[in-house]
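Q: next comes the sequence, and after it the predicted model I'd like to discuss.
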2 protein chains.
Amino acid sequence: MTGKLTEDERKLELSPLFAQGWAAVEGRDAIAKTYEFGDFVSAFGFMTRAALWAEKMNHHPEWSNVYKTVEVTLSTHDADGLTMKDVDLARKMDTLA
Amino acid sequence: MTGKLTEDERKLELSPLFAQGWAAVEGRDAIAKTYEFGDFVSAFGFMTRAALWAEKMNHHPEWSNVYKTVEVTLSTHDADGLTMKDVDLARKMDTLA
C-alpha cells in the first residue's frame, strides 16, 4: 500500500501541481482541477487517454464531464488521503490534456 | 430547436424511464440515473460507447464517474428542460449499459 504524503513530500510534490491549476479540496485530503477543452470530442478524448493510463496505473480519478469541461478530483481511497499515486496521475493528466 | 416535453409526452415517455431506474432531479427539469458496473473498465467502456452516441445525436450528458459507478443527468440546455433528445439519449444509454 502507498502511504500518505509526508509534510516534506507535500511541499515538494504538490507545489508544482498547484502552479498548474490543481487546488486542495476543502474538508478532504484531495486535489482537484478543472480542464476546459474546445468541444466535447476533445474533452472526452482527454478522458479516454486518461482512463487508459489510470487503469494501467491502477489508480482511478473521480471525475465529471459537462460538454467541454472535465472536473477531476484525486485522492487515494485505501490511504484515506493523498499519496504519490495521486501526484503521478495528476502529472500524467496534465501531460495528456 | 427541440421543444420541452408537454404534459402528455411526459406521462408517455418518462414513465418507462422511471421504471428503468431514472428519476426526476429535484429543483430542475432533468432526469438522472446511477449505473453500477463490475469494474472501472466496464464503467468507462459504457461511457465511451455512450459518448460516441451522444456526439452522433448532438446531445451530451452531464455525468460523473467514480471507479465502477457512473452517474448521469440529462436535460436540454437550449430548451431549459427535458425534451425528446433526453428521452432518446436515456433509452440509448440503457441499451448500451
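A: Thanks, I have it.
Q: what parts of chain A come near chain B?
A: Chain A comes close to chain B at residues A:40-41, A:44, A:47-48, A:51, A:54-55, A:60, A:62-67, as judged by CB under 8 Å from any CB of the partner chain. Yep, even glycine has a C-beta here, placed from its N, CA and C like the rest.
Q: out of those, who's nearest B:Ile31?
A: A:Val66 (15.5 Å; CB to CB).
Q: just give me the longest helix of chain A.
A: helix A:40-57 (DSSP state H).
Q: which elements pack onto it?
A: strand A:62-66, strand A:69-74, helix A:84-96, helix B:40-57 (3 or more CB pairs under 8 Å, 6 or more residues apart in numbering or on different chains; DSSP states H and E).
Q: in the second one, which residues are buried?
A: If I follow you right, that is strand A:69-74. Neighbour counts over strand A:69-74 (16 or more other CB atoms under 10 Å in any protein chain shown) mark A:Val70, A:Val72, A:Thr73, A:Leu74 as buried.
Q: tell me how far A:Phe18 lies from chain B.
A: The gap separating A:Phe18 from chain B is 23 Å, by CB to the nearest CB, to the nearest Å.
Q: now the phi/psi pair for that residue, please.
A: Here is the backbone geometry of A:Phe18 (degrees, to the nearest 10): phi -60, psi -30.
Q: so what's it up against?
A: A:Ala24 (CB atoms under 8 Å, 6 or more residues apart in numbering or on different chains).
Q: quick one: buried ones out of the residues of chain A next to chain B?
A: Taking 16+ other CB under 10 Å as the criterion, what is buried in these is A:Phe40, A:Phe44, A:Met47, A:Ala51, A:Ala54, A:His60, A:Glu62, A:Trp63, A:Ser64, A:Asn65, A:Val66.
Q: on that earlier part again, closest to A:Lys11 out of the helices and strands packed on helix A:40-57?
A: When the helices and strands packed on helix A:40-57 are compared (using CB to CB), the closest one is helix A:84-96, at 12.2 Å.
Q: the residues of chain A next to chain B: which two are farthest apart?
A: A:Glu55 and A:Tyr67, at 24.4 Å, using CB to CB across the residues of chain A next to chain B.
Q: just give the number of residues close to A:Lys11.
A: For A:Lys11, the neighbour count with other CB atoms under 10 Å in any protein chain shown is 10.
Q: excluding sequence neighbours, find me the nearest residue to whichever residue of chain A sits closest to chain B.
A: Closest approach between chain A and chain B, counting by CB to the nearest CB: A:Ser64, at 3.6 Å. In space, and not counting its chain neighbours, A:Ser64 is closest to B:Ser64: 3.6 Å by CB to CB, 6 or more residues apart in numbering or on different chains.
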